[in-house]
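Q: build the 3D model from these lines:
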Amino acid sequence: MTGPVIVNQISAAFGQRIAALPCAPVVIDCLDRDAPWRIPPEAEILLTRAMPSWRQAPGEGPALPALKWVQTYSVGTEAYPDWLKAGRIVTTGQGLTAPQIAEYVLAAVLRVSKDLEGRRVHRPQDWEHIPMGGVQGRGLGLIGFGAIGEEVARRALAFDMRILASRRSARPGGMAGVEMTTDPLEVAAMADHLVVAAPLTEETRGMIDAAFLAALPQGAHLVNVARGGLIDDAALLAALDSGQLAQATLDVTAPEPLPEGHPFWTHPKILLTPHVSYTGGPEEDRFFVKVSGNLLAYLEGGPMQSLYDPGRGY
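A: Model prediction:
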(Lines give C-alpha, C1' and ligand atoms only; values in the text may rest on other atoms or scores of the structure.)
Protein backbone atom coordinates (compact mmCIF):
# COMPACT_ATOMS: atom_id res chain seq x y z
CA MET A 1 0.00 0.00 0.00
CA THR A 2 1.38 3.40 -0.97
CA GLY A 3 1.02 6.65 0.88
CA PRO A 4 0.00 10.11 -0.33
CA VAL A 5 1.35 11.68 -3.51
CA ILE A 6 3.78 14.42 -2.48
CA VAL A 7 5.19 16.95 -4.91
CA ASN A 8 8.64 18.05 -3.78
CA GLN A 9 10.00 21.46 -4.81
CA ILE A 10 12.77 21.62 -2.20
CA SER A 11 15.65 19.53 -3.54
CA ALA A 12 16.28 16.08 -4.98
CA ALA A 13 18.02 14.98 -1.78
CA PHE A 14 15.09 16.18 0.29
CA GLY A 15 12.68 14.21 -1.89
CA GLN A 16 14.70 11.06 -1.30
CA ARG A 17 14.46 11.53 2.46
CA ILE A 18 10.69 12.03 2.28
CA ALA A 19 10.28 8.97 0.05
CA ALA A 20 12.02 6.83 2.69
CA LEU A 21 9.46 7.67 5.41
CA PRO A 22 7.47 4.71 6.83
CA CYS A 23 4.18 5.94 5.33
CA ALA A 24 5.62 5.12 1.88
CA PRO A 25 4.65 8.33 0.09
CA VAL A 26 4.86 8.64 -3.65
CA VAL A 27 7.25 11.55 -4.20
CA ILE A 28 7.30 13.50 -7.45
CA ASP A 29 10.23 15.89 -7.83
CA CYS A 30 9.19 19.13 -9.55
CA LEU A 31 12.32 21.23 -9.30
CA ASP A 32 11.55 23.68 -12.11
CA ARG A 33 12.42 27.03 -10.54
CA ASP A 34 10.90 28.98 -13.44
CA ALA A 35 7.31 27.70 -13.20
CA PRO A 36 6.62 26.15 -9.78
CA TRP A 37 2.86 26.39 -10.39
CA ARG A 38 3.09 23.50 -12.85
CA ILE A 39 1.99 20.95 -10.28
CA PRO A 40 0.87 17.44 -11.28
CA PRO A 41 -2.92 17.10 -10.86
CA GLU A 42 -2.57 13.97 -8.72
CA ALA A 43 -0.65 15.86 -6.01
CA GLU A 44 -2.19 15.61 -2.55
CA ILE A 45 0.64 17.42 -0.74
CA LEU A 46 2.95 20.16 -1.99
CA LEU A 47 6.31 20.96 -0.40
CA THR A 48 7.46 24.31 -1.76
CA ARG A 49 9.61 27.33 -1.06
CA ALA A 50 9.37 31.06 -1.80
CA MET A 51 11.06 31.11 -5.19
CA PRO A 52 10.98 34.52 -6.93
CA SER A 53 9.10 32.93 -9.83
CA TRP A 54 6.05 32.31 -7.61
CA ARG A 55 5.37 36.05 -7.92
CA GLN A 56 4.88 35.57 -11.66
CA ALA A 57 2.28 32.84 -11.17
CA PRO A 58 -0.90 33.19 -13.25
CA GLY A 59 -3.93 34.79 -11.64
CA GLU A 60 -5.81 31.53 -11.92
CA GLY A 61 -4.06 28.31 -11.10
CA PRO A 62 -4.35 24.85 -12.60
CA ALA A 63 -7.09 22.49 -11.48
CA LEU A 64 -5.64 20.60 -8.53
CA PRO A 65 -8.59 18.60 -7.18
CA ALA A 66 -6.42 16.28 -5.08
CA LEU A 67 -4.27 18.97 -3.41
CA LYS A 68 -5.19 19.22 0.26
CA TRP A 69 -2.08 20.46 2.03
CA VAL A 70 0.67 22.97 1.17
CA GLN A 71 3.80 23.03 3.34
CA THR A 72 6.05 26.04 2.75
CA TYR A 73 9.72 26.32 3.59
CA SER A 74 9.34 30.03 4.21
CA VAL A 75 7.68 31.74 7.15
CA GLY A 76 5.78 34.30 5.10
CA THR A 77 3.17 33.31 2.55
CA GLU A 78 2.82 36.53 0.56
CA ALA A 79 5.00 35.15 -2.24
CA TYR A 80 2.46 32.46 -3.10
CA PRO A 81 -0.69 33.10 -5.17
CA ASP A 82 -4.01 33.17 -3.36
CA TRP A 83 -5.37 30.27 -5.42
CA LEU A 84 -2.66 28.00 -4.03
CA LYS A 85 -3.67 28.72 -0.41
CA ALA A 86 -7.45 28.97 -0.78
CA GLY A 87 -9.43 26.12 0.76
CA ARG A 88 -6.37 24.10 1.70
CA ILE A 89 -4.31 23.37 4.79
CA VAL A 90 -1.23 25.59 4.69
CA THR A 91 1.65 25.16 7.11
CA THR A 92 4.78 27.29 7.14
CA GLY A 93 8.43 27.10 8.11
CA GLN A 94 7.85 29.26 11.19
CA GLY A 95 10.81 29.04 13.55
CA LEU A 96 12.87 27.01 11.11
CA THR A 97 15.61 29.58 10.56
CA ALA A 98 15.13 31.73 13.65
CA PRO A 99 18.55 30.83 15.17
CA GLN A 100 20.40 31.88 12.02
CA ILE A 101 18.42 35.12 11.73
CA ALA A 102 19.15 35.89 15.39
CA GLU A 103 22.86 35.42 14.74
CA TYR A 104 22.61 37.90 11.87
CA VAL A 105 20.89 40.44 14.14
CA LEU A 106 23.53 40.15 16.86
CA ALA A 107 26.30 40.38 14.26
CA ALA A 108 24.71 43.60 12.99
CA VAL A 109 24.36 45.03 16.50
CA LEU A 110 27.99 44.24 17.35
CA ARG A 111 29.21 45.57 14.00
CA VAL A 112 27.60 48.94 14.66
CA SER A 113 28.54 49.05 18.35
CA LYS A 114 32.16 47.99 18.04
CA ASP A 115 33.01 49.40 14.58
CA LEU A 116 36.04 47.17 14.12
CA GLU A 117 36.62 48.45 10.59
CA GLY A 118 36.73 52.00 11.94
CA ARG A 119 39.44 50.97 14.42
CA ARG A 120 41.56 49.19 11.82
CA VAL A 121 45.12 50.55 11.53
CA HIS A 122 47.54 50.25 8.62
CA ARG A 123 50.64 52.16 9.77
CA PRO A 124 52.27 53.29 13.05
CA GLN A 125 50.89 56.82 12.92
CA ASP A 126 47.33 55.39 12.88
CA TRP A 127 47.89 53.86 16.33
CA GLU A 128 45.32 55.75 18.41
CA HIS A 129 43.40 54.43 21.39
CA ILE A 130 39.94 55.44 20.23
CA PRO A 131 37.34 54.06 22.65
CA MET A 132 34.89 51.53 21.28
CA GLY A 133 31.19 51.33 21.91
CA GLY A 134 29.47 48.49 23.73
CA VAL A 135 26.16 46.74 24.10
CA GLN A 136 26.01 46.06 27.84
CA GLY A 137 23.07 47.96 29.27
CA ARG A 138 21.98 49.28 25.89
CA GLY A 139 18.36 49.04 24.85
CA LEU A 140 17.30 46.41 22.34
CA GLY A 141 13.77 46.89 21.03
CA LEU A 142 11.94 44.05 19.32
CA ILE A 143 8.99 44.68 17.03
CA GLY A 144 7.50 41.21 17.01
CA PHE A 145 8.15 38.47 19.53
CA GLY A 146 7.63 35.25 17.65
CA ALA A 147 10.31 32.62 17.09
CA ILE A 148 12.81 35.13 15.68
CA GLY A 149 12.26 37.67 18.44
CA GLU A 150 12.71 35.01 21.10
CA GLU A 151 15.97 33.78 19.58
CA VAL A 152 17.29 37.34 19.31
CA ALA A 153 16.35 38.00 22.94
CA ARG A 154 18.14 34.88 24.21
CA ARG A 155 21.36 36.00 22.59
CA ALA A 156 21.01 39.64 23.61
CA LEU A 157 20.44 38.65 27.22
CA ALA A 158 23.88 37.03 27.21
CA PHE A 159 25.28 40.51 26.48
CA ASP A 160 23.32 42.06 29.38
CA MET A 161 21.21 44.22 27.11
CA ARG A 162 17.92 45.73 28.23
CA ILE A 163 15.15 44.22 26.12
CA LEU A 164 11.61 45.40 25.45
CA ALA A 165 9.45 43.55 22.94
CA SER A 166 6.08 44.33 21.46
CA ARG A 167 3.48 41.92 20.21
CA ARG A 168 -0.09 42.45 19.15
CA SER A 169 -1.71 40.64 22.07
CA ALA A 170 -1.09 40.89 25.79
CA ARG A 171 -1.22 37.13 26.27
CA PRO A 172 0.55 35.76 29.36
CA GLY A 173 3.98 34.21 29.18
CA GLY A 174 7.22 35.51 27.83
CA MET A 175 10.85 35.22 28.74
CA ALA A 176 12.71 36.07 31.90
CA GLY A 177 14.61 39.29 31.41
CA VAL A 178 12.39 40.51 28.58
CA GLU A 179 9.76 43.17 29.21
CA MET A 180 6.63 43.06 27.06
CA THR A 181 4.26 45.67 25.72
CA THR A 182 1.53 45.98 23.10
CA ASP A 183 2.64 49.52 22.20
CA PRO A 184 5.35 49.64 19.48
CA LEU A 185 6.07 53.31 20.26
CA GLU A 186 7.05 52.30 23.78
CA VAL A 187 9.61 49.96 22.24
CA ALA A 188 10.90 52.71 19.96
CA ALA A 189 11.48 55.09 22.86
CA MET A 190 14.04 52.80 24.53
CA ALA A 191 15.70 51.18 21.51
CA ASP A 192 19.33 51.96 20.86
CA HIS A 193 19.02 49.04 18.46
CA LEU A 194 15.60 48.39 16.96
CA VAL A 195 14.94 44.95 15.44
CA VAL A 196 11.98 44.60 13.08
CA ALA A 197 10.81 40.97 13.23
CA ALA A 198 7.04 41.23 12.79
CA PRO A 199 4.97 39.56 10.06
CA LEU A 200 3.85 41.66 7.12
CA THR A 201 0.09 42.13 7.22
CA GLU A 202 -2.27 44.91 6.18
CA GLU A 203 -2.09 46.11 9.78
CA THR A 204 1.73 46.22 9.92
CA ARG A 205 2.50 47.44 6.38
CA GLY A 206 4.40 50.72 6.60
CA MET A 207 4.29 50.78 10.41
CA ILE A 208 7.90 51.96 10.65
CA ASP A 209 7.03 55.45 9.44
CA ALA A 210 8.25 58.97 10.14
CA ALA A 211 6.40 59.20 13.48
CA PHE A 212 7.79 55.87 14.64
CA LEU A 213 11.35 56.74 13.64
CA ALA A 214 11.07 60.11 15.41
CA ALA A 215 10.26 58.24 18.63
CA LEU A 216 13.62 56.43 18.59
CA PRO A 217 16.56 57.82 20.57
CA GLN A 218 18.72 59.98 18.34
CA GLY A 219 21.52 57.94 16.81
CA ALA A 220 19.68 54.61 16.99
CA HIS A 221 20.38 51.63 14.75
CA LEU A 222 17.60 49.81 12.89
CA VAL A 223 17.76 46.17 11.76
CA ASN A 224 15.08 44.73 9.47
CA VAL A 225 14.97 40.93 9.10
CA ALA A 226 11.21 40.71 8.54
CA ARG A 227 9.81 42.16 5.32
CA GLY A 228 10.66 45.33 3.45
CA GLY A 229 7.03 46.40 3.35
CA LEU A 230 6.99 47.15 7.07
CA ILE A 231 9.19 50.20 6.53
CA ASP A 232 8.39 53.50 4.83
CA ASP A 233 11.52 53.87 2.68
CA ALA A 234 11.27 57.65 2.30
CA ALA A 235 10.91 58.08 6.06
CA LEU A 236 13.89 55.82 6.69
CA LEU A 237 16.08 57.81 4.29
CA ALA A 238 15.00 61.07 5.89
CA ALA A 239 15.82 59.76 9.38
CA LEU A 240 19.27 58.61 8.25
CA ASP A 241 20.04 61.87 6.47
CA SER A 242 18.96 63.97 9.45
CA GLY A 243 21.02 61.95 11.93
CA GLN A 244 17.96 60.71 13.82
CA LEU A 245 19.11 57.24 12.80
CA ALA A 246 22.82 56.47 12.82
CA GLN A 247 22.68 53.33 10.70
CA ALA A 248 20.30 50.78 9.21
CA THR A 249 21.00 47.12 8.51
CA LEU A 250 18.54 45.78 5.96
CA ASP A 251 18.31 42.15 4.89
CA VAL A 252 14.92 42.68 3.26
CA THR A 253 13.48 45.29 0.92
CA ALA A 254 10.36 45.91 -1.12
CA PRO A 255 10.70 44.82 -3.83
CA GLU A 256 13.56 42.34 -3.91
CA PRO A 257 15.86 43.20 -5.48
CA LEU A 258 15.43 46.95 -5.46
CA PRO A 259 15.45 48.68 -8.85
CA GLU A 260 18.70 50.05 -10.17
CA GLY A 261 19.31 53.56 -8.89
CA HIS A 262 17.40 53.11 -5.62
CA PRO A 263 19.17 55.17 -2.92
CA PHE A 264 19.49 52.18 -0.59
CA TRP A 265 22.16 50.69 -2.88
CA THR A 266 24.71 53.42 -2.21
CA HIS A 267 23.62 55.12 1.00
CA PRO A 268 26.66 55.34 3.33
CA LYS A 269 24.59 54.62 6.43
CA ILE A 270 22.84 51.51 5.08
CA LEU A 271 24.26 48.00 5.10
CA LEU A 272 22.16 46.09 2.58
CA THR A 273 22.31 42.30 2.30
CA PRO A 274 20.36 40.17 -0.23
CA HIS A 275 17.88 38.39 2.10
CA VAL A 276 20.42 35.90 3.41
CA SER A 277 19.96 36.19 7.18
CA TYR A 278 18.12 32.86 7.30
CA THR A 279 21.10 30.93 5.91
CA GLY A 280 24.09 29.42 7.67
CA GLY A 281 22.58 26.55 9.62
CA PRO A 282 21.10 23.07 9.24
CA GLU A 283 17.73 24.47 8.13
CA GLU A 284 16.94 21.66 5.68
CA ASP A 285 17.42 19.09 8.46
CA ARG A 286 15.06 21.06 10.68
CA PHE A 287 12.59 21.34 7.82
CA PHE A 288 12.66 17.57 7.40
CA VAL A 289 11.77 17.15 11.07
CA LYS A 290 8.89 19.61 10.69
CA VAL A 291 7.57 17.97 7.51
CA SER A 292 7.85 14.48 9.02
CA GLY A 293 5.91 15.53 12.10
CA ASN A 294 3.26 17.36 10.11
CA LEU A 295 2.89 14.44 7.70
CA LEU A 296 2.23 12.06 10.57
CA ALA A 297 -0.30 14.48 12.07
CA TYR A 298 -1.96 14.94 8.66
CA LEU A 299 -2.34 11.19 8.14
CA GLU A 300 -3.62 10.59 11.67
CA GLY A 301 -5.84 13.67 11.87
CA GLY A 302 -3.77 15.24 14.64
CA PRO A 303 -2.73 18.88 15.22
CA MET A 304 -0.22 20.24 12.72
CA GLN A 305 2.55 22.71 13.48
CA SER A 306 2.79 26.27 12.15
CA LEU A 307 -0.66 26.47 10.58
CA TYR A 308 -1.22 29.53 8.42
CA ASP A 309 -4.15 31.68 9.56
CA PRO A 310 -5.68 33.61 6.62
CA GLY A 311 -7.45 35.95 9.04
CA ARG A 312 -4.19 37.10 10.61
CA GLY A 313 -2.18 36.89 7.40
CA TYR A 314 0.51 34.60 8.86
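Q: show me the domain layout of this protein.
A: 5-92+282-300, 98-272 (the TED database).
Q: which one of those domains lies closest to residue 310?
A: Among the domains of the chain, the nearest to residue 310 by C-beta to C-beta is domain 5-92+282-300 (7.1 Å). C-beta: built from backbone N, CA, C; applies to glycine.
Q: now the end-to-end length of that closest one.
A: 16 Å (C-alpha to C-alpha, to the nearest Å).
Q: do stretch 55-67 as well
A: 20 Å.
Q: what comes up buried for that stretch?
A: Neighbour-count burial for stretch 55-67, with 16 or more other C-beta atoms under 10 Å as criterion, is recorded at 57, 64, 67.
Q: same deal with stretch 228-240?
A: 228-233, 235-237, 239-240.
Q: ok, stretch 287-300 next?
A: Buried residues in stretch 287-300 (16+ other C-beta under 10 Å): 287-288, 290-291, 294-295, 298.
Q: and for stretch 111-130?
A: Neighbour counts over stretch 111-130 (16+ other C-beta under 10 Å) mark 112-113 as buried.
Q: repeat that for stretch 83-100.
A: 83-84, 89-100.
Q: test my guess that residue 114 contacts residue 133.
A: Yes: counting by C-beta atoms under 8 Å, residue 114 touches residue 133, with 6.3 Å between them.
Q: ok, the spatially most central residue of the chain to residue 97 distance?
A: Residue closest to the average C-alpha location in the chain (C-alpha atoms, centre = their mean): residue 226, at 4.4 Å. Separation of residue 226 from residue 97 (C-beta to C-beta, to the nearest Å): 13 Å.
Q: residue ranges with poor pLDDT in the stretch 51-200 of the chain?
A: Along the stretch 51-200 of the chain, the parts satisfying pLDDT under 70 run over 170-173.
Q: where do the strands sit along it?
A: 69-72, 89-91, 139-143, 162-166, 178-181, 193-196 (DSSP state E, counting those that start in this stretch).
Q: possible to save these as CSV with distance to residue 263?
A: Converted to CSV, those look like this (distance: least, C-beta to C-beta, whole Å):
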stretch, distance to residue 263
strand 69-72, 32
strand 89-91, 36
strand 139-143, 23
strand 162-166, 28
strand 178-181, 32
strand 193-196, 19
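Q: right, so these: which one is the most enclosed?
A: strand 193-196 (a mean of 28; mean count of other C-beta atoms under 10 Å).
Q: what lines up beside that strand in the sheet?
A: strand 139-143 (parallel), strand 220-224 (parallel) (DSSP bridges).
Q: what's the nearest residue to residue 4 if we skip its chain neighbours?
A: Leaving aside its sequence neighbours, residue 4 sits nearest to residue 44 (C-beta to C-beta, 6 or more residues apart in numbering; 4.4 Å).
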